[in-house]
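> This is a predicted model, with the sequence first.
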Amino acid sequence: MDHPRPAAYTLRVNVAQNPLDALCRYWGYDAFRPLQEQIVRSLLGGHDACVIMPTGGGKSLCYQLPAAILSGQTALVVSPLIALMQDQVAQLSQVGIPAAFLNSTLTEREQTAIIGSARATRYRLLYLSPERLARPDTLEWLRGVPISFFAIDEAHCISEWGHEFRPEYRQLSALRNRFPNSPIAAFTASATRRVRHDIIEQLGLRDPHKYIASFYRSNLNYIVKECDARGQRSLLLKTLRRHRNASIIVYAPTIARVAETAALLESHKIPAVAYHGKMDAKARRSSQERWMSDDARVLVGTLAFGLGINKAAVRAVIHLSLPKSIEQYYQEAGRAGRDGLPADCLLLWQKRDVGLLTHFIGQIEDPEEKDRAWQRYHAILNFVRSATCRHRQICLHFGEIKKWTSCGTCDACVRFQWLEEPSTAPEPPRPGNKSAWCRASSSTSLSPGTSSPNVSPAQPSRRENRWSQTETPPATQLDEALYDRLREWRRTAAQEQGVPAFVVFHDTTLADICRQRPRSLRELRQVHGIGEQKSERYGLQLLAVLAKFAES
């Protein structure tokens, strides 16, 4: 369907602030990741856009930055999860960008105040759920808000061909007619060619600028193994032993398996937390925060965990059952290695998983949805049973053609020697010492086989906001004691403000502080991820921590 631009529609290209200057000022980065600057300029120019960017590619910055630049206007962000809204608003507040969310966690008085502030254009970004945006009263008061653009997060949910179709997203198709002068940008991490076309059609995007990043994640080791129950347990423990000093996500298919797996890990002295949809919101938040702040290195969860999680240094994601689709697997496995360093993605499946998937498909009543479910079922089954390159299979599934046939980082292309070593249970912590599972370390070998990580000799700018798709960051040994001290300071600072630890600083920023050892506020501003606001808020505290550590 053709959606021409209305006569009143004008491009807004004359902005007072350069995007790169804003990136440095707010986020403390000196360069964009691939495609980010082009997407930002598209939104600043008033264009519709469809953005497909893998997990960890920096999608949220693509709409947050232009919203920060466009003064006197508010970007409306549609987000499906309350926790995701809260975390993003907290992060924006930390860098000095006024933002708010409107959802059911707020009292009626708080909601009224936020609506009033939105009408007065006091926010650069306002987060709403698709259900809230569809309400007649919301649509009415939004007419009095100067909207810079709409950003639709997790846009694949609008497509019946998407792996997470949500009927409430279909209501967003009315945005084009109700707000004809406002650009619409759709963002997702996993969408096939058919889903991309459906997103554009459902949202009525007008001649959208299309940005599709590569689906090839060269730093991820894809490992797929069919196991029996005993073999699965053995490989799980072996992988955790390999990454004993790192953050891990373990996906279990049911709540019962989550509890069972968490208990297994605790019996082996591996601190783990559970996460599933039947836990109350406070308990889920507590588990997530303990994992995010490194109190527990392993999080065992159902599919309820992960959307919007912003932790870069996850060294392994382990699936203990067949995902229902390649899209689901790609999105969840992609939460590993967001820092660009090598990471392991293990899919340990059993024959009984096939029966479970077919059982659930059999319960679907709608014939068209059942047909789509069977197509996804056959695709994931072909993926796990195939002996061809895993990376190439994934790229082909999303419509990306790769000329090579062997990647060197999946079980179909390379032999992972550590998987073949005799299985031994993780050693319990020594009495009187903090468990090694709770400590950070850079000594673990992360590459295939027994070789050390492949290190590129070319190092980006100190504050650069990217590692390219073809290289990994330089391996720099960190002072573990200083890193622990900084993490403890971050945990305290976060608790005092009532925000998650990663909202204060990401792991990559703490690591860069360890490497650079700044001795002044000017030097601190050269650290990756420290912009003006965070320098003012935390600068003196950080310098005091560093000075005290140097004296000890």
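Noted; the coordinates are in hand.
> which residue sits closest to Ala252 in space, ignoring its chain neighbours?
In space, Ala252 comes closest to Val258 once its chain neighbours are excluded; the distance is 4.6 Å by Cβ to Cβ, 6 or more residues apart in numbering. All C-beta spots, glycine's among them, are computed from the backbone N, C-alpha and C.
> Mind telling me what element that neighbour is part of?
Val258 belongs to helix 255-267 when assigned by DSSP states H and E.
> how about the CA coordinates for that helix, as PDB?
C-alpha atoms of helix 255-267 as PDB (Å, rounded to 0.1, in the frame of the first residue of the first chain):
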ATOM      1  CA  ILE A 255       9.900 -23.500  35.400                       C
ATOM      2  CA  ALA A 256      10.500 -26.900  36.800                       C
ATOM      3  CA  ARG A 257      13.700 -27.300  34.800                       C
ATOM      4  CA  VAL A 258      14.900 -23.800  35.900                       C
ATOM      5  CA  ALA A 259      14.500 -24.800  39.600                       C
ATOM      6  CA  GLU A 260      16.200 -28.200  38.900                       C
ATOM      7  CA  THR A 261      19.100 -26.700  37.000                       C
ATOM      8  CA  ALA A 262      19.700 -23.900  39.600                       C
ATOM      9  CA  ALA A 263      19.700 -26.500  42.400                       C
ATOM     10  CA  LEU A 264      22.200 -28.600  40.400                       C
ATOM     11  CA  LEU A 265      24.600 -25.600  40.100                       C
ATOM     12  CA  GLU A 266      24.300 -24.700  43.700                       C
ATOM     13  CA  SER A 267      25.100 -28.300  44.700                       C
END
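> buried set for it?
By neighbour count with 16 or more other Cβ atoms under 10 Å, helix 255-267 contains the buried residues 255, 257-258, 261-262, 265.
> quick one: low-confidence ranges for the stretch 301-450 of the chain?
304, 306-308, 422-450 (pLDDT under 70).
> Tell me where it has helices.
For the stretch 301-450 of the chain, applying DSSP state H, counting those that start in this stretch gives helices covering 326-333, 351-362, 367-385, 390-397, 417-420.
> Using JSON lines, lay out the ones you listed together with distance to Leu61.
Below are those laid out as JSON lines (distance: least, Cβ to Cβ, whole Å):
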{"stretch": "helix 326-333", "distance to Leu61": "19"}
{"stretch": "helix 351-362", "distance to Leu61": "36"}
{"stretch": "helix 367-385", "distance to Leu61": "30"}
{"stretch": "helix 390-397", "distance to Leu61": "24"}
{"stretch": "helix 417-420", "distance to Leu61": "35"}
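> mind giving me CSV with the ones you listed and columns for distance to Ile82 and mean neighbour count?
Below are the helices of the stretch 301-450 of the chain laid out as CSV (distance: least, Cβ to Cβ, whole Å; neighbours: other Cβ atoms under 10 Å):
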stretch, distance to Ile82, mean neighbour count
helix 326-333, 19, 24
helix 351-362, 26, 14
helix 367-385, 26, 15
helix 390-397, 30, 21
helix 417-420, 39, 13
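> Show me the one of those that comes nearest Ala493.
Set against Ala493 and scored by Cβ to Cβ, the helices of the stretch 301-450 of the chain come closest in helix 326-333, at 30.2 Å.
> how about the CA coordinates for that closest one, as PDB?
The C-alpha coordinates for helix 326-333 follow below in PDB (Å, rounded to 0.1, in the frame of the first residue of the first chain):
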ATOM      1  CA  ILE A 326      15.900 -20.000  14.400                       C
ATOM      2  CA  GLU A 327      14.900 -16.400  15.100                       C
ATOM      3  CA  GLN A 328      14.400 -17.100  18.800                       C
ATOM      4  CA  TYR A 329      17.700 -19.000  19.100                       C
ATOM      5  CA  TYR A 330      19.600 -16.200  17.200                       C
ATOM      6  CA  GLN A 331      18.200 -13.500  19.500                       C
ATOM      7  CA  GLU A 332      18.900 -15.400  22.700                       C
ATOM      8  CA  ALA A 333      22.300 -16.700  21.800                       C
END
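> helices and strands around that helix, which ones?
If you count contacts as 3 or more Cβ pairs under 8 Å, 6 or more residues apart in numbering; DSSP states H and E, helix 326-333 packs onto strand 314-319, strand 343-349, helix 367-385, helix 390-397.
> can we see that at 6 Å?
Helix 326-333 sits against helix 367-385, with contacts defined as 3 or more Cβ pairs under 6 Å, 6 or more residues apart in numbering; DSSP states H and E.
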